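from the sequence below, what's the structure:
(2 chains)
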2 protein chains.
Amino acid sequence: MINVTLVGTGNLSHHLAQVFTTSPEIQLIEVMDSRTIHKEALTNKGAMSSEVPDLYILAVSDDAISEVAEHFKTTEALVVHTSGSVGLSALAPINRIGVFYPLQTFSKTREVDFKRIPICIEAPRPEDMKVLHGLALAISDHVHEINSDQRGTLHLAAVFVNNFTNHLYQIGQGLCEKEGLSFDLLKPLIQETAQKIGDLTPVEAQTGPAKRNDVKTIKRHLARLQGAGNKEIYTILTKSITAVHGKKL
Amino acid sequence: MINVTLVGTGNLSHHLAQVFTTSPEIQLIEVMDSRTIHKEALTNKGAMSSEVPDLYILAVSDDAISEVAEHFKTTEALVVHTSGSVGLSALAPINRIGVFYPLQTFSKTREVDFKRIPICIEAPRPEDMKVLHGLALAISDHVHEINSDQRGTLHLAAVFVNNFTNHLYQIGQGLCEKEGLSFDLLKPLIQETAQKIGDLTPVEAQTGPAKRNDVKTIKRHLARLQGAGNKEIYTILTKSITAVHGKKL
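Below is the predicted model:
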């Protein structure tokens, strides 16, 4: 049995609390609000539970990690953060440290199947890595030991395939709505684009005027686009696709 | 019963032939190779079937439409193309013309559920529109009358959410592989990003350093990126996200 205390009350903490309470191998002791941590809670005098956690999971925003870590300087428990982009060093004042990074986007309103989410773990001490392995395997089938440098790259890649992709969806929606068309028209295409890379590599799955270097269609599209921003995005991405597929001819 | 002849032997023709043969309302008379059309076939002398089609569907590449259309100048049947970006005028020499545009990306190796694919139809004559309605409803639950101008915008939007998104997947894959990480790590995130917009608008679903204007993380990401192309894509998309979400604060 692994005793866990969650620190933070955002989306990730919400979903972790849910999955931890359904796992027979994990005991969720407490969910702490990071803004109201006090010594009593940490020493467990006066806290709701008399149990001492094996680890604290800081599910707080990137910027808050260092500040929240200050409260845990004297604990003997393992303390981990959950960020893709923050190094292990942000927890430096603490004795036993690590990272527990679920590679997924979380919203409060959407159900999450943790079994399929890759959990990236890191800890300098082998005995702490063992604890993180146990915790991660209790909720997911995909556990990976990833160092801080690899995690930084993974987070950067996630920005491309999640944040930037979502922004392209938004541009698509804007184009539709200006023409009086429902964004729903594009949704089956969006789903298929994401599912296709289960069978094909992105290079194999690439289609469209940029890949074909279809200059006539590209010119027509640029003429149709309003606003310098979208024209620039179209031009840069077209150039980048042409660079990849031009070489392959 | 609608009698159809398909012209072209690519991915779309392959999938249309499959779905037409399973529909009790459609009779697929023939699949013609657009490179070997001859008069005998069009007048049905010497053709496999003695039936005359109600319509010819030109499922050929955008560039080939005008040239292939030349062969059909004298037919009394309805002739439609299947392109998102080509106007109706490419079929001008033909008497009865239209467009039958399934808004989806097709690969030979992937099964397609036509019921969920939006079919965009256009025809100047009401009686031809009726034929296209019947054909589209026989295979899909989502049939839309869309004029050439709207279709051009829809095709442009599709380039953003399909072609450009797929290219972002490729950049993500490249980043992973340089670091010795499997692209599989990103696939659950890619799926969730696409599924999220079923519940949330893209603006609501947006997360990440650009939205938060988290300058520290953005700088770290740019330092980590190799190659001017990817740095440029990161910068332009970050700027575009900041522009949208900055206004909303």
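
any idea where the strands of chain A begin and end?
In chain order, chain A shows strands spanning A:2-7, A:26-32, A:55-58, A:78-81, A:97-102, A:118-122, A:142-145, with DSSP state E as the criterion.

for B:L175, find the nearest of those.
For the strands of chain A, proximity to B:L175 was assessed by CB to CB; strand A:118-122 is nearest, at 14.6 Å. (Each C-beta comes from the backbone N, C-alpha and C, glycine too.)

residues of stretch A:122-134 that come out buried?
Across stretch A:122-134, burial judged by 16 or more other CB atoms under 10 Å in any protein chain shown covers A:E122, A:A123, A:D128, A:M129, A:V131, A:L132.

off-centre distance for that stretch?
Computed by CA atoms, centre = their mean, to the nearest Å, the separation of stretch A:122-134 from the middle of its chain amounts to 21 Å.

returning to what we had before: which two from the buried residues of stretch A:122-134 end up farthest apart in space?
Taking CB to CB as the measure, those span a maximum distance of 12.3 Å, between A:E122 and A:V131.

quick check: neighbours shared by those two?
By CB atoms under 8 Å, 6 or more residues apart in numbering or on different chains, A:E122 and A:V131 have no common neighbours.

ok, for A:V143, nearest residue in space, not its chain neighbours?
On the basis of CB to CB, 6 or more residues apart in numbering or on different chains, the spatially nearest residue to A:V143 that is not a chain neighbour turns out to be A:A136, at 4.2 Å.

before we move on, what about A:Q206?
If you skip the residues right next to it in sequence, A:Q206 has B:N166 as its closest partner in space, 5.6 Å away by CB to CB, 6+ apart.

measure the one you found to B:I190 for me?
The spacing between B:N166 and B:I190, counted by CB to CB, to the nearest Å, is 10 Å.

shared neighbours of the two, anything?
Shared contacts of B:N166 and B:I190, counting by CB under 8 Å, 6+ apart, come down to A:I197.

ok, back up a step: which one of the strands of chain A lies closest to B:N95?
Comparing those by CB to CB, strand A:118-122 comes nearest, at 58.1 Å.

low pLDDT regions in chain A?
Low-confidence segments of chain A, defined by pLDDT under 70, span residues A:38-50, A:247-249.

quick one: the helices in it?
A:11-22, A:39-43, A:65-69, A:126-139, A:148-158, A:165-178, A:187-196, A:202-205, A:209-212, A:215-224, A:228-248 (DSSP state H).

pull out the buried positions in the third one.
Pointing back at helix A:65-69 there. For helix A:65-69, the neighbour count (16+ other CB under 10 Å) marks A:I65, A:V68, A:A69 as buried.

how about A:N95, nearest residue that isn't a chain neighbour?
In space, not counting the residues next to it along the chain, A:N95 is nearest to A:E76; the distance is 6.9 Å by CB to CB, 6+ apart.

okay but the one you found is in contact with A:R96, surely?
Yes: the pair A:E76 / A:R96 is scored as a contact, 7.5 Å apart, by CB atoms under 8 Å.

these two: which is more packed in?
Higher neighbour count among A:E76 and A:R96: A:R96, with 19 against 7, using other CB atoms under 10 Å in any protein chain shown.

what sits closest to the more buried one if chain neighbours are left out?
Taking CB to CB, 6+ apart as the measure, A:R96 lies nearest to A:L78, with 4.5 Å between them; neighbours along the chain are not counted.

tell me the bridge partners for that neighbour.
Residues in a beta bridge with A:L78, per DSSP bridges, are A:L55.

tell me the residue furthest from the middle of chain A?
In chain A, A:K216 marks the outermost C-alpha relative to the chain mean, sitting 39.1 Å out by CA atoms, centre = their mean.

just send the helices of chain A back as CSV, with distance to A:E30 too.
As requested, the helices of chain A are exported to CSV (distance: least, CB to CB, whole Å):
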stretch, distance to A:E30
helix A:11-22, 10
helix A:39-43, 8
helix A:65-69, 15
helix A:126-139, 16
helix A:148-158, 27
helix A:165-178, 34
helix A:187-196, 37
helix A:202-205, 43
helix A:209-212, 52
helix A:215-224, 55
helix A:228-248, 46
